[in-house]
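Peer 1: structural data only, the sequence is not supplied:
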């Protein structure tokens, strides 16, 4: 029996290179670098001084003072991106069964800004100094809940926490929820806002971050001289919808979700395996009922760490064989850093816009070839190419691997 079809009807984003989808995508095509010196706290004594922070985000334009007291930054970003996607899909102007409307989103650490502030209050002022709003601002599911409350989504509402694979896993699980009949429409994606002194110190002492002081050479995926990832923040949200539901209301359709695969390496706290990553891609391809050679483009996890970029390159070769050299591959993280739990969601938006415009954004910061990373990483800048099937990879600490495939929508 032919399975139902799931399409994307709305997009929303807040990123280090644009605070809506149009700004983000225009900047990505231009190869704009969103990495700069950290300005929100003192990094004088830190080895790492760069991050990709959201710029020009005026909270007062989006929230009342009362709302801001109750919202951690990761919730703020998630809500704003969700509003954009919801309006873009035309859902704000129609009546629908809210028990058939779901929210599934991912994040890595939740409201860590609030956690740090209240931990300092505890140290300085004792237990009475801790805000009663700590838990409803900090817990990782609260951004999902805030979106559901605002948009009155009463269907399936879940939070996916699989580290850097969270955003892609969330979209994949939303896709499955619609196929299973649990919802007609799901708001899905990811949000992260953890560029704080505590998290920066943790990643720095793990030797995971780039120590470069050159914003254009800090995140340099697949480059021989790469020395770690750059922390980023932001949110990417989209509307997934059952095709018949979208057609019945006359919705515009960006693209179609056709394949999803997810695995666990069950191997190491921080390192992935070629086999686990390859298996996730293979499962997505099988789920899409296509051949590996049907893929037009891969949006790589591409973190700019020595181990990840080599492992992902080997995994792509394992799946695609000789055809791997013919597939354009690029890393959005070269421009916006690593958005952790939101990375896969924002990168999925890049994939969808690529299909819509037949244009692949480049991988910036690349200068020196690595003999073990010898595929086509689109280092010359934006490339025009007709795209039909696009794959996006996300791999997270704990061995979580997720791959998702988008297809050009054909009636």
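Peer 2: Structure's in. What do you need? Owing to the predicted nature of the structure, the values given are computational and were not obtained by experimental measurement.
Peer 1: so where is this protein shaky, pLDDT-wise?
Peer 2: For the chain, the stretches flagged by pLDDT under 70 are 1-2.
Peer 1: so where do the helices sit in it?
Peer 2: Assigned by DSSP state H, the chain shows helices spanning 21-30, 65-69, 73-88, 112-125, 134-138, 142-151, 166-179, 197-205, 215-218, 243-248, 274-287, 306-320, 333-336, 343-357.
Peer 1: give me every residue that touches the spatially closest residue to residue 383 that is not a sequence neighbour.
Peer 2: The shortest distance from residue 383 to any residue other than its chain neighbours is 4.7 Å, reached at residue 360 (C-beta to C-beta, 6 or more residues apart in numbering). (C-beta placed from N, C-alpha, C; glycine too.) Taking C-beta atoms under 8 Å, 6 or more residues apart in numbering, we find residue 360 in contact with 297, 328, 330, 354, 378, 382, 383, 385, 387.
Peer 1: for residue 65, state which of these is nearest.
Peer 2: Residue 65 has its nearest neighbour among the contacts of residue 360 in residue 354, at 39.4 Å by C-beta to C-beta.
Peer 1: I'd assumed residue 297 was in contact with that closest one.
Peer 2: Yes. The pair residue 354 / residue 297 is scored as a contact, 6.4 Å apart, by C-beta atoms under 8 Å.
Peer 1: which residues does stretch 29-37 contact?
Peer 2: For stretch 29-37, the surrounding residues in contact (C-beta under 8 Å, 6+ apart) are 15-17, 27, 43, 49-53, 55, 215-216, 218-219, 230, 232, 335-337, 359, 361-362, 364-365, 381-382.
Peer 1: swap the cut-off to 6 Å and go again
Peer 2: For stretch 29-37, the external contacting residues (C-beta atoms under 6 Å, 6 or more residues apart in numbering) are 16-17, 49-50, 52, 215-216, 218, 230, 335-337, 361-362, 364, 381-382.
Peer 1: quick one, which of these are buried?
Peer 2: When these are checked for burial by 16 or more other C-beta atoms under 10 Å, the buried set is 16-17, 50, 52, 215, 218, 230, 335-337, 361-362, 364, 382.
Peer 1: from these, which two are the most distant?
Peer 2: Taking C-beta to C-beta, no two of the buried ones among the contacts of stretch 29-37 sit farther apart than 50 and 382, at 24.1 Å.
Peer 1: list the buried ones in stretch 62-71?
Peer 2: Across stretch 62-71, burial judged by 16+ other C-beta under 10 Å covers 62, 63, 71.
Peer 1: what about the last one, distance to residue 60?
Peer 2: So the one you mean is residue 71. Distance, residue 71 to residue 60, by C-beta to C-beta, to the nearest Å: 13 Å.
Peer 1: many thanks, have a good one.
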